[in-house]
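In: Fold the following.
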Amino acid sequence: QVQLVESGGGLVQAGGSLRLSCAASGRTISRFGMGWFRQAPGKEREFVAAVSGGGGDTTYVDSVKGRFTISRDSAKNTVYLQMNNLKPEDTAVYSCAKARSGWSWSLARRGASYDVWGQGTQVTVSA
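Out: Residues are numbered from 1 along each chain as shown. Coordinates of the predicted model:
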């Protein structure tokens, strides 16, 4: 059973950067797609970014394109989310998730495509 643990969140000023990590244990995640989602207070969970099992494909929500980068390190069994030029509207709890076996890349933005979730890490961006 895979377990996911996020880290790297914190408080940062607008324009600053953070790198979130999602460390997996229990089994290798190298062949699975991985995603990052976020949820702000009073709002629904939102897709942020996803990376394919081989790492060759990535996709982002429009609001973070050009600012966030998702990547993975198979040797460390870890997925990252580099967040640059952060804005107050990026404030949320960020969670990583493992895609279901046999998932479809076309459904990468849907939460139902993922079967294992981390506990989340808080990101707060001050104006």
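In: Which strands border the host helix or strand of Gln122, and is each parallel or antiparallel?
Out: Per DSSP states H and E, Gln122 falls inside strand 121-126. Here strand 121-126 has these sheet partners by DSSP bridges: strand 10-13 (parallel), strand 92-99 (antiparallel).
In: any idea how far Gly120 lies from Gly10?
Out: Distance of Gly120 to Gly10, given as Cβ to Cβ, to the nearest Å: 13 Å. Any C-beta I mention is one placed from the backbone N, CA and C, and that applies to glycine too.
In: of those two, who's got more company?
Out: Taking neighbours as other Cβ atoms under 10 Å, Gly120 and Gly10 compare with Gly120 leading, 17 against 13.
In: returning to that earlier point: ok, and which of the strands paired with strand 121-126 has the densest surroundings?
Out: Mean neighbours per residue, mean count of other Cβ atoms under 10 Å, is largest over the strands paired with strand 121-126 for strand 92-99, with a mean of 24.
In: quick one: buried residues of the helix or strand following that one?
Out: The helix or strand immediately downstream of strand 92-99 is strand 114-117, counting by DSSP H and E. By neighbour count on 16 or more other Cβ atoms under 10 Å, the buried set for strand 114-117 is Tyr114, Val116, Trp117.
In: ok, what's across the strand from the closest residue to the first one other than its chain neighbours?
Out: It stands for Tyr114. Excluding its sequence neighbours, the residue lying closest to Tyr114 (Cβ to Cβ, 6 or more residues apart in numbering) is Ala97, at 3.6 Å. Here Ala97 sits in beta bridges with Gly35, Trp117, going by DSSP bridges.
In: Report the central residue of this structure.
Out: Geometric centre of the chain, nearest residue: Trp36, 2.1 Å, by Cα atoms, centre = their mean.
In: got the contact list for that residue?
Out: By Cβ atoms under 8 Å, 6 or more residues apart in numbering, the residues touching Trp36 are Leu20, Cys22, Val48, Ala49, Ala50, Ile70, Val79, Leu81, Tyr94, Ser95, Cys96, Ala97.
In: want to try TSV for these, with pLDDT and distance to Pro88 as columns?
Out: Below are the contacts of Trp36 laid out as TSV (pLDDT from 0 to 100; distance: Cβ to Cβ, whole Å):
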residue	pLDDT	distance to Pro88
Leu20	98	17
Cys22	98	24
Val48	98	16
Ala49	98	19
Ala50	98	24
Ile70	98	22
Val79	98	25
Leu81	98	18
Tyr94	98	15
Ser95	98	20
Cys96	98	22
Ala97	98	25
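In: Thanks again, I'm all set now.
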